[in-house]
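Chemist: Any chance you can model this:
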Amino acid sequence: MVVFMVSYRRDVPFDTAYYFEQHLPLAARVLTPLGLLKSEILRDITNPQDGSPASEQIVALLYFPSRDVLNRALEDPSTATLMADIRNFYPEDPSYRVADVVENS
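Modeler: Here you go, the predicted model:
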């Protein structure tokens, strides 16, 4: 299993209502048929040492069965609509990362 991480910086405007009410349902509709297994959204992210806000305001964790499935999903034409929708709630490109899930309990 792999996780596709999408991070949104704290110092950039972010329309939280649009993200939760519009973008996340769109993401589920587009990505589930393409192999999305589950998603988790992290917010109110803080530094454990002092409780100060982290540099990210939102991190989306999108789980796929393999890198091949993820790559096919990202290359699918329907994903272009999802990526274009980001501009409706966030004016910049988010950061993207992919990682292998080594253990899942």
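
Chemist: okay but residue 52 is in contact with residue 45, surely?
Modeler: No: Residue 52 is not in contact with residue 45 according to C-beta atoms under 8 Å; the separation is 10.4 Å. Heads up, the C-betas are built off the backbone N, CA and C, glycines and all.

Chemist: For those two, indicate the residue with more neighbours.
Modeler: Ranked by neighbour count (other C-beta atoms under 10 Å), residue 52 and residue 45 place residue 45 first, with 14 against 8.

Chemist: And the strands in this structure?
Modeler: Counting by DSSP state E, the chain has these strands, from start to end: 2-9, 38-43, 56-64, 95-100.

Chemist: Among these, which comes closest to residue 89?
Modeler: Closest to residue 89 of these is strand 2-9 (C-beta to C-beta; 8.8 Å).

Chemist: can you list contacts of the closest one?
Modeler: If you take C-beta atoms under 8 Å, 6 or more residues apart in numbering as the criterion, strand 2-9 is touched by 14, 55-67, 70, 90, 92, 94-101.

Chemist: ditto for stretch 10-24
Modeler: With C-beta under 8 Å, 6+ apart as the contact definition, stretch 10-24 has outside contacts at 8, 39, 41, 53-58, 82, 85-86, 88-92.

Chemist: And for this protein, the residue most distant from the center?
Modeler: residue 50 (26.0 Å; C-alpha atoms, centre = their mean).

Chemist: which residues of the protein score low on pLDDT?
Modeler: Applying pLDDT under 70 to the chain flags the ranges 104-105.

Chemist: Let me have the strands of the chain in a markdown table, extended by mean neighbour count.
Modeler: Converted to a markdown table, the strands of the chain look like this (neighbours: other C-beta atoms under 10 Å):
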| stretch | mean neighbour count |
| --- | --- |
| strand 2-9 | 19 |
| strand 38-43 | 13 |
| strand 56-64 | 19 |
| strand 95-100 | 11 |
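
Chemist: can you give me the helices in this structure?
Modeler: Along the chain, counting by DSSP state H, helices occupy 16-18, 24-31, 67-75, 77-85.

Chemist: For the last one, C-alpha coordinates in CSV please.
Modeler: Listed in CSV are the C-alpha atoms of helix 77-85, where the atom choice follows Å, rounded to 0.1, in the frame of the first residue of the first chain:
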residue,chain,number,x,y,z
PRO,A,77,-8.2,12.4,-17.5
SER,A,78,-10.9,12.7,-14.8
THR,A,79,-8.2,13.6,-12.2
ALA,A,80,-7.5,16.8,-14.1
THR,A,81,-10.9,18.2,-12.9
LEU,A,82,-10.0,17.4,-9.4
MET,A,83,-6.6,19.1,-9.7
ALA,A,84,-8.1,22.2,-11.3
ASP,A,85,-10.6,22.4,-8.4
